[in-house]
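J.: can't give you the sequence, but here's the structure:
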């Protein structure tokens, strides 16, 4: 496992054009966004996100990215996705860790810190300013959902919530905690749910 860098991961916006939807995860993953500097880019859970975005025509993913999905490789080779109509970010902008080796969930204190709430409000304003109507926000995971219920002074948004697309998140959200279900089936179902939200 690579050392966690605690990279400050900025939101990813399309280079031009409107933004109708903004997706928020919980925090950058240790092998993905912490290494690549791009939301979900190389995170294990990010494959579901980018596959759904690519299938919806909202992301251009470099050839071969899915075959060796690794944030450090993406950074070293200068590989990056290009978005259209959608923006990506996280409820907390750095990979949370106590020992620089293992990931942990962001704490309530970290999520509600004034600078983090200011950052979230600013990102929402930027996206809403590029949205021709009401911005749709998709919060992925319980921590992202939790903080969005506590942001005041943000633009008016339409909030949807999905389970976190990590293995643990998918299993916890599945009936019977996923007992007797295949993880790959849960991933496909999650991607279909995201695809449906991206089309609305």
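T.: Ah, there it is. Keep in mind that what you see is a predicted model, and the values were worked out from it rather than measured.

J.: Can you report how many residues neighbour residue 113?
T.: Per other Cβ atoms under 10 Å, the neighbour tally for residue 113 reads 14. (C-beta placed from N, C-alpha, C; glycine too.)

J.: so what pLDDT did the residue nearest the centre of the chain get?
T.: Closest to where the C-alpha atoms of the chain average out (Cα atoms, centre = their mean) is residue 25, at 3.4 Å. Per-residue pLDDT puts residue 25 at 96.

J.: ok, now how distant is it from residue 155?
T.: Here residue 25 is placed at a distance of 20 Å from residue 155 (Cβ to Cβ, to the nearest Å).

J.: Tell me where the protein has helices.
T.: 33-36, 46-55, 71-77, 108-112, 114-129, 142-148, 167-173, 183-199 (DSSP state H).

J.: Is it possible to get a markdown table of those that adds distance to residue 135?
T.: Formatted as a markdown table, the helices of the chain follow (distance: least, Cβ to Cβ, whole Å):
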| stretch | distance to residue 135 |
| --- | --- |
| helix 33-36 | 22 |
| helix 46-55 | 17 |
| helix 71-77 | 27 |
| helix 108-112 | 20 |
| helix 114-129 | 5 |
| helix 142-148 | 12 |
| helix 167-173 | 24 |
| helix 183-199 | 13 |
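
J.: Most tightly packed of these?
T.: Of all those, helix 33-36 has the most neighbours on average by mean count of other Cβ atoms under 10 Å, namely a mean of 27.

J.: elements contacting the lowest-mean-pLDDT helix or strand in the chain?
T.: Ranking every helix and strand in the chain by mean pLDDT, DSSP states H and E puts helix 167-173 at the bottom, with a mean of 86. Contact analysis of helix 167-173 by 3 or more Cβ pairs under 8 Å, 6 or more residues apart in numbering; DSSP states H and E lists helix 183-199 as its packing neighbours.

J.: other SSEs contacting the helix it packs on?
T.: helix 46-55, strand 135-140, strand 157-162, helix 167-173.

J.: From the centre of the protein, point out the most distant residue.
T.: residue 180 (27.5 Å).

J.: State the distance from it to residue 186.
T.: Counting by Cβ to Cβ - residue 180 and residue 186 are separated by 11 Å.

J.: Tell me the bridge partners for the residue nearest to the centre of the chain.
T.: residue 90 (DSSP bridges).

J.: Just list the residues touching it, thanks.
T.: 39-40, 43, 45, 49, 88-91, 140-141, 144, 164 (Cβ atoms under 8 Å, 6 or more residues apart in numbering).

J.: Okay, now the unreliable bits of this protein?
T.: 1, 178 (pLDDT under 70).

J.: neighbours of residue 9, just the number please.
T.: Residue 9: 26 neighbours (other Cβ under 10 Å).

J.: Next: the one 3 residues further on.
T.: Other residues near residue 12 come to 21 when the count uses other Cβ under 10 Å.
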